[in-house]
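Engineer: got a predicted structure plus its sequence, pasted below:
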Amino acid sequence: MFVLKEKFFYLSKNNTTDEYLRIAVYATLLFLIPIFLGHQLIVGVVVNALLIMSALEHSIKKMAILCLLPSLAVVSTGFLFGTLTSFLLLMLPFIWISNFIIAFISKKLFISKGKNYFLSITFASIAKTIFLFVSVTILFVLGLVPLIFLTAFGILQLITAESGAIIVGFLKLRKQ
């Protein structure tokens, strides 16, 4: 995390300890932000930004667990979706996979393949959105989720994913 790389936040000279500290901070934020921010657009933007930042800083293996936390927080509180939270339970595996998709593709294209950051995150955001929208469409056709989920897991996902990714991009540019 950009803030945590400042010298005064380091607790030790051990890089492994520092890495686990940053992962713990990401985990805490990814769990608490959906609980306290409350609005789907704001939560989505911040969560996607944190997922991308964590993916760029850590191995996919180490950050994969982080992909689970935001939706677990939403389900545990019922805050974002209210009475529709029970339907959200059906979406959990798809949300987890889509969070992993944006993290993995962002890292793979930008870090591993050396592609342009904004091209990488656009592709990752679109892949996440397509996966979620196809998943929710199938569940809707089967009568398992309400119509409103098509919007919540369609265009809103693209907006929040791309917005979060753009914020990370500007933070990266500012840092250079």
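Structural biologist: Arrived safely. Numbers count the residues shown, from 1 in each chain.
Engineer: which residues are contacting the longest helix seen in the chain?
Structural biologist: Of all segments of type helix in the chain, defined using DSSP state H, the longest is helix 117-141. Identification of contacts with helix 117-141 by CB atoms under 8 Å, 6 or more residues apart in numbering yields 48, 52, 90-91, 94-95, 97-99, 101-106, 109-110, 113, 145-147, 149-150, 152-155, 157-158, 161-162, 165-166, 168-169, 172. C-beta: built from backbone N, CA, C; applies to glycine.
Engineer: then stretch 148-157?
Structural biologist: With CB under 8 Å, 6+ apart as the test, stretch 148-157 has contacts from 40-41, 44, 81, 84, 87, 91, 94, 98, 128-129, 132-133, 135-137, 139-140.
Engineer: try it again with 6 Å
Structural biologist: Thr129, Leu132, Phe133, Val136, Phe140 (CB atoms under 6 Å, 6 or more residues apart in numbering).
Engineer: and those, which two are furthest apart?
Structural biologist: Across the contacts of stretch 148-157, the longest distance by CB to CB is 15.6 Å; it joins Thr129 and Phe140.
Engineer: higher neighbour count, these two?
Structural biologist: The neighbour comparison of Thr129 against Phe140 (other CB atoms under 10 Å) goes to Thr129, with 23 against 16.
Engineer: chain center to the longest helix of the chain, what's the gap?
Structural biologist: Averaging C-alpha positions (CA atoms, centre = their mean, to the nearest Å) puts helix 117-141 12 Å from its chain's average.
Engineer: ok, then the element right after it?
Structural biologist: Of the helices and strands lying after helix 117-141 in sequence (DSSP states H and E), the nearest is helix 148-152.
Engineer: quick check: mean pLDDT of the helix or strand following that next one?
Structural biologist: Following helix 148-152 in sequence order, the next helix or strand is helix 155-175 (DSSP H and E). In this model, helix 155-175 carries a mean pLDDT of 92.
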